[in-house]
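1. Build me a model from this:
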Amino acid sequence: MKRQTTLAMFGILFTAAMALGMVSVSGFSQPLFVASTTDAKATNQMGMFGHITLTATDPDGKIISYIQTDNIIVNVGENCVAESLFNVTTSDTTHACTGKGTHGGISGGISVSNGVADGGFRYIAIGDDPKTFDAGAGNTTLAAELGIGRVKATNLLVSESTADVDSFAKVTLKGVFTATADNTVIDESGIFDAETDGNMLARQTFNAITLADQDKLTVEWEIKIGS
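-> Coordinates of the predicted model:
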C-alpha cells in the first residue's frame, strides 16, 4: 500500500513538473520545452549610412566655410554593392549597375559584366545644382557636375569594426578640389566608381559654398556598414 501511495505521489509530481516544463535530472532542473528568446545579436541589422564633411579654405589655409551633413546611399549604389558581393546581376533596370568591373555574371543565360569598377568607389565629384530627390528614379548622377573634374580619394581607410551588437565598419574617403575661377559655386557632391560616368554610390546637397580662384574644398565622406 505504501509503495502504491509513493508511486501515486511520484505520478502527481511528475505530471506537475511536465505542466511546468521542468523535470529533475541529477538534482538540476532542465527545461523540456525551450521558449523563444530574443538573442541580442539577432537584432543587429546590416545597412549603409553616410556622412559628409566639407571644409573650404583660402590659399593661406584659412577656413572660409565648414559643413557637416548626412547623405543618401542611392539605389544604383546599393545594387552595385549587391552585384559585386554575390556576383549576380540585378533585375532593377532603372537603377542597374553598369558593370564597370571585370566581375562575371549571368543574366538570362548570357554572360555579362556586373558590379562596380575594379578600383571600387574611389572618385569624389562636386556639382552646382541643389536639386534634391530621394534614392529613387533619376538619382544616378549629380544634377550638374562641375567640369573641374573628379578627385580620386588618396587616403581611403577602413576603420576596425567594433565587436558588439552595434558594430559597424567605417570607410573614409577624402578628396581636395582647387577652384580654377572666381565665384565657383558648389552645393552637391557624390561618390563614383570611375573618373568619368560610372556608377554613383552616394549623393548629397548642401548650402552653397562659393570659392574664389585657388581656394580649396576638402570633401570627406564616411560610409558606415553595419548597425
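
2. Near the residue lying closest to Ala96 once chain neighbours are set aside, how many residues? Count them for me, please.
-> Residue nearest to Ala96 in three dimensions, not counting chain neighbours: Thr90, with 5.4 Å by C-beta to C-beta, 6 or more residues apart in numbering. (C-beta placed from N, C-alpha, C; glycine too.) Per other C-beta atoms under 10 Å, the neighbour tally for Thr90 reads 19.

3. OK, contacts around Thr90?
-> Asn79, Ala82, Glu83, Ala96, Cys97 (C-beta atoms under 8 Å, 6 or more residues apart in numbering).

4. And the helices in this protein?
-> With helices called from DSSP state H, the chain shows them at 2-20, 75-86.

5. weakest of those by average pLDDT?
-> Lowest mean pLDDT within those: helix 2-20, at a mean of 45.

6. domain ranges for the chain?
-> Residue ranges for the domains of the chain, per automatic domain parsing: 2-31, 47-226.

7. Please identify the deepest-packed of those domains.
-> For those, the largest average neighbour count (mean count of other C-beta atoms under 10 Å) is found in domain 47-226, namely a mean of 17.

8. Backbone dihedrals for the residue nearest to Ala96, both of them.
-> Backbone torsions for Thr90, taken as degrees, to the nearest 10, come to phi -90, psi 150.

9. hang on, Phe121 packs against Ala194?
-> No - under the criterion of C-beta atoms under 8 Å, Phe121 makes no contact with Ala194, lying 9.4 Å away.

10. hey, what's in contact with both of those two?
-> Contact criterion C-beta under 8 Å, 6+ apart; residues shared by Phe121 and Ala194: none found.

11. who's in contact with Glu188?
-> With C-beta under 8 Å, 6+ apart, Glu188 has these contacts: 126-131, 142-144, 203-206.

12. Distance to Gly226 and pLDDT for the residues you listed - can I get that in TSV?
-> Listed next are those as TSV, based on distance: C-beta to C-beta, whole Å; pLDDT from 0 to 100:
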residue	distance to Gly226	pLDDT
Ile126	28	96
Gly127	29	94
Asp128	33	93
Asp129	32	86
Pro130	30	78
Lys131	31	76
Leu142	27	90
Ala143	30	89
Ala144	33	92
Arg203	21	90
Gln204	20	89
Thr205	26	89
Phe206	25	91
